[in-house]
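Student: Take a look and give me a structure for this.
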Amino acid sequence: MIQHPALRFTRGMTFRLALAYSAWFVVSYAAMGAIAWRIFVTAPLAEVRATVLAEVRTLSALHEKHGDDALVDALDVRRESPSRRRAFHALVAPDGEWITANMPAPPPLVQSPWFRFEFETFDGGVARENEAYTYEQRFPDGTRLLIARDTEDVDEREELIGQAIGWGTAVALALGLIGGVLTSRAVGRRIDAIAGTAERVMAGDLTGRVALRGTGDDFDHLAETLNAMLDRIENLIQSVARVSDSIAHELRTPLARIRADLEELDSADDAATRETLIAQANESAARLQATFDALLRIARIEAGRHTLAAESVNLSALVSDAAELYAPATEVGALHLATDIAPGIRARGDRDLLFQAVTNLIDNAVKYTPPGGTVRVALARETASARIDVTDDGPGVDAADLPRITERFFRAPAQAAAAGQGLGLALVEAVARCHHAELGFQNRSPGLAATLRLPIAN
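Tutor: Below is the predicted model of the structure:
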């Protein structure tokens, strides 16, 4: 069943991947923000903290040895000393009176010695915002010493980075959701097209194919693969239908003959007639047996149930033996058998099946070559393959029938009169396929040329 778009929106793999990618992007963005925060906020504040703490220790030691006046002089010198960060201070007496300070506003009373607070200063009548990173030191007599450095630039960076992380996270989530929706819809339409074609085929329409967009993307590649598979399935189903019809046709005649012979045998009076009828019935039964044996062998080879003996086969000797086997038949038919077999060529495969394939090709050529004609059998080496050619001087096959001559029970009109079951070339094709070989046919003037190419053994 094709899912409803709303379900695919929330359950679709592409949408979930988009969300996961968005989450990963947000995490990555947050990690980058954390790194930026450490570099531009945490590290400068740590530097200021170390500087202020060193100053507090120095000034506290000075106050302990020389009192308030020396501390005030040191604070004035500190204030006027050039520095990248402005120096702020405040010295507050135990009664709350300010002894000296360059902070325009009193700092807040806090529990922690470290704190940050904002205030304004005026430079030439122009207001300037400041943020001071402050440490408060309390002396035993109740005097408060506040030492600070300006960190307004750090505060600005902190605010900027915080806003960037917040807005960036929101934008990443929004774009991820939008991208997930668009991607899910685009991919969903392609998946719907594939699923729709599959449902059409399951409903019985074997002509259904997945439409290509011509973009060459993964979905087009998948569609091409599925279409090729559907073409193969359609051809196989049509082949099964043709084979079923052909089997019914081929079996009808011998079965009818057997029945007729048996009916005549029941009423036959003399022994000679009985022997003749029994011989005819045996001949028809033998033909049926041969047909079933050939069909079974082809089916076993195509289904991979025939165990191949993967051995190194001397093709030169095999082709020579096959040609020699048909030498008597060519003499009886007044044919000339010409051979051109290169020595020392070997292939890897099943010797019995290869021998059966070659003899079937020669048998087919002998069967359709008229008296006085020539059957030629050749074996040659072609780079990494061995080429077996079997040609005859027969009537050949119409160009329209050439693609079908390896179908089971197919008999070309020009060959219908010849004896045979129409299974020899089907068996050759099955043997060629299981040996990863190439089988081809070509019309000659006159005759037909069959070519079988096998990989040469290393």
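Student: Leaving out chain neighbours, which residue sits closest to Gly344?
Tutor: Among residues not flanking Gly344 along the chain, Ser316 sits closest, at 6.1 Å (Cβ to Cβ, 6 or more residues apart in numbering). All C-beta atoms are positioned from the backbone trio N, CA, C, and that covers glycine.
Student: didn't Thr121 look like it was pressed against Asn130?
Tutor: Yes - contact status for Thr121 versus Asn130: in contact at 5.7 Å, counting by Cβ atoms under 8 Å.
Student: Could you pull out the buried residues of the stretch of helix or strand Leu71 belongs to?
Tutor: Assessed by DSSP states H and E, Leu71 sits inside helix 43-80. By neighbour count on 16 or more other Cβ atoms under 10 Å, the buried set for helix 43-80 is 44-45, 48, 51-52, 55-56, 59, 63, 68, 71, 74-75, 78.
Student: Pick out the most distant pair among those residues.
Tutor: The distance between the two most remote of the buried residues of helix 43-80 (Cβ to Cβ) is 32.2 Å, for Pro44 and Asp68.
Student: what about Ala449, is that helix, strand or coil?
Tutor: strand (DSSP: H, G, I helix; E, B strand; the rest coil).
Student: For Gly447, see how far away the nearest residue to it once chain neighbours are set aside is.
Tutor: Using Cβ to Cβ, 6+ apart and skipping the chain neighbours, the partner closest in space to Ala449 is Thr391 (4.3 Å). Noted for Thr391: a distance of 6 Å to Gly447, by Cβ to Cβ, to the nearest Å.
Student: Glu159 is in contact with Trp37, correct?
Tutor: No - taking contacts as Cβ under 8 Å, Trp37 lies outside contact range of Glu159: 11.5 Å.
Student: Compare neighbour counts for the two and give me the winner.
Tutor: Trp37 (17 against 11; other Cβ atoms under 10 Å).
Student: Just the element for that one, please.
Tutor: Using DSSP H and E, Trp37 sits in helix 13-37.
Student: Same question for Asp192.
Tutor: Short version, using DSSP H and E: Asp192 is in helix 152-202.
Student: The helix or strand just after that helix - contacts with which helices or strands?
Tutor: Towards the C-terminus, the helix or strand next in line after helix 152-202, according to DSSP H and E, is helix 218-267. The contact analysis (3 or more Cβ pairs under 8 Å, 6 or more residues apart in numbering; DSSP states H and E) places helix 218-267 against helix 152-202, helix 271-302.
Student: and the angle from the first one to helix 218-267?
Tutor: Same thing as helix 152-202. Per axes from the mean of the first three to the mean of the last three Cα atoms, to 10 degrees, the angle that helix 152-202 makes with helix 218-267 is 20 degrees.
Student: and helix 152-202, what's its mean pLDDT?
Tutor: For helix 152-202, the mean pLDDT works out to 82.
Student: repeat for the shortest one
Tutor: What helix 271-302 shows for mean pLDDT is 73.
Student: Out of the helices and strands packed on helix 218-267, flag the one nearest Leu262.
Tutor: Using Cβ to Cβ, the nearest of those to Leu262 is helix 271-302, at 6.4 Å.
Student: hmm, back to that, what distance separates the helix holding Leu71 from the middle of the whole chain?
Tutor: In terms of Cα atoms, centre = their mean, to the nearest Å, the centre of helix 43-80 is set 69 Å apart from its chain centre.
Student: buried stuff in the helix or strand just after it?
Tutor: Once the chain leaves helix 43-80, the next helix or strand it forms, by DSSP H and E, is strand 87-92. Burial within strand 87-92, assessed by neighbour count using 16+ other Cβ under 10 Å, is assigned to 87-92.
Student: now do stretch 146-160
Tutor: In terms of neighbour count (16+ other Cβ under 10 Å), stretch 146-160 has its buried residues at 146-151, 154-155, 157-158.
Student: Looking at those, which one is closest to Val366?
Tutor: Distances from Val366 to those, taken by Cβ to Cβ, are shortest for Arg157, at 95.5 Å.
Student: before we move on, what SS does the closest residue to that closest one other than its chain neighbours have?
Tutor: Of all residues not flanking Arg157 in the chain, Phe40 sits nearest, at 4.6 Å (Cβ to Cβ, 6+ apart). Assigned with three-state DSSP, Phe40 falls in the helix class.
Student: what are the pairing partners of the helix or strand harbouring Leu145, and which direction each?
Tutor: Using DSSP H and E, Leu145 maps to strand 144-150. With DSSP bridges as the test, strand 144-150 is paired with strand 87-92 (antiparallel), strand 126-138 (antiparallel).
Student: out of the ones you listed, nearest to Val181?
Tutor: Short answer: strand 126-138, nearest of the strands paired with strand 144-150 by Cβ to Cβ, at 43.7 Å.
Student: Go through the closest one and flag the buried ones.
Tutor: For strand 126-138, by 16+ other Cβ under 10 Å, it's 130-137.
Student: In a markdown table: those residues, plus pLDDT.
Tutor: Shown next, in a markdown table, are the buried residues of strand 126-138 (pLDDT from 0 to 100):
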| residue | pLDDT |
| --- | --- |
| Asn130 | 81 |
| Glu131 | 85 |
| Ala132 | 87 |
| Tyr133 | 89 |
| Thr134 | 90 |
| Tyr135 | 92 |
| Glu136 | 91 |
| Gln137 | 90 |
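Student: And those, which is closest to Asn227?
Tutor: Glu131 (69.3 Å).
Student: For beta bridges, what are the partners of that closest one?
Tutor: Glu118.
Student: if I look at it, how far off is Trp98?
Tutor: Counting by Cβ to Cβ, the gap from Glu131 to Trp98 is 21 Å.
Student: Val72 now?
Tutor: 11 Å.
Student: got it, and Glu152?
Tutor: On the measure of Cβ to Cβ, Glu152 and Trp98 end up 23 Å apart.
Student: show me what contacts Leu379?
Tutor: Contacts for Leu379 (Cβ atoms under 8 Å, 6 or more residues apart in numbering) come out as 315-316, 319, 340-342, 345, 386-389.
Student: chain center to the strand or helix carrying Arg381, what's the gap?
Tutor: Element membership of Arg381 [criterion: DSSP H and E] is strand 374-382. Centroid separation for strand 374-382 versus its chain: 43 Å, with Cα atoms, centre = their mean.
Student: What of stretch 65-84?
Tutor: Worked out by Cα atoms, centre = their mean, stretch 65-84 lies 75 Å from the chain centre.
Student: Using PDB, write out every CA atom in that stretch.
Tutor: What follows is stretch 65-84 as a C-alpha-only set of coordinates in PDB (Å, rounded to 0.1, in the frame of the first residue of the first chain):
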ATOM      1  CA  LYS A  65      53.100  47.200  55.700                       C
ATOM      2  CA  HIS A  66      52.500  50.900  55.100                       C
ATOM      3  CA  GLY A  67      48.900  51.700  55.700                       C
ATOM      4  CA  ASP A  68      46.200  53.500  53.800                       C
ATOM      5  CA  ASP A  69      48.300  56.500  52.500                       C
ATOM      6  CA  ALA A  70      50.700  54.200  50.700                       C
ATOM      7  CA  LEU A  71      47.800  52.200  49.300                       C
ATOM      8  CA  VAL A  72      46.100  55.400  48.000                       C
ATOM      9  CA  ASP A  73      49.300  56.500  46.300                       C
ATOM     10  CA  ALA A  74      49.700  53.100  44.700                       C
ATOM     11  CA  LEU A  75      46.100  53.100  43.500                       C
ATOM     12  CA  ASP A  76      46.600  56.600  41.900                       C
ATOM     13  CA  VAL A  77      49.800  55.300  40.100                       C
ATOM     14  CA  ARG A  78      47.900  52.200  38.900                       C
ATOM     15  CA  ARG A  79      45.000  54.400  37.600                       C
ATOM     16  CA  GLU A  80      47.400  56.600  35.500                       C
ATOM     17  CA  SER A  81      49.600  53.700  34.200                       C
ATOM     18  CA  PRO A  82      48.900  52.900  30.500                       C
ATOM     19  CA  SER A  83      47.200  49.600  30.000                       C
ATOM     20  CA  ARG A  84      45.100  47.900  27.300                       C
END
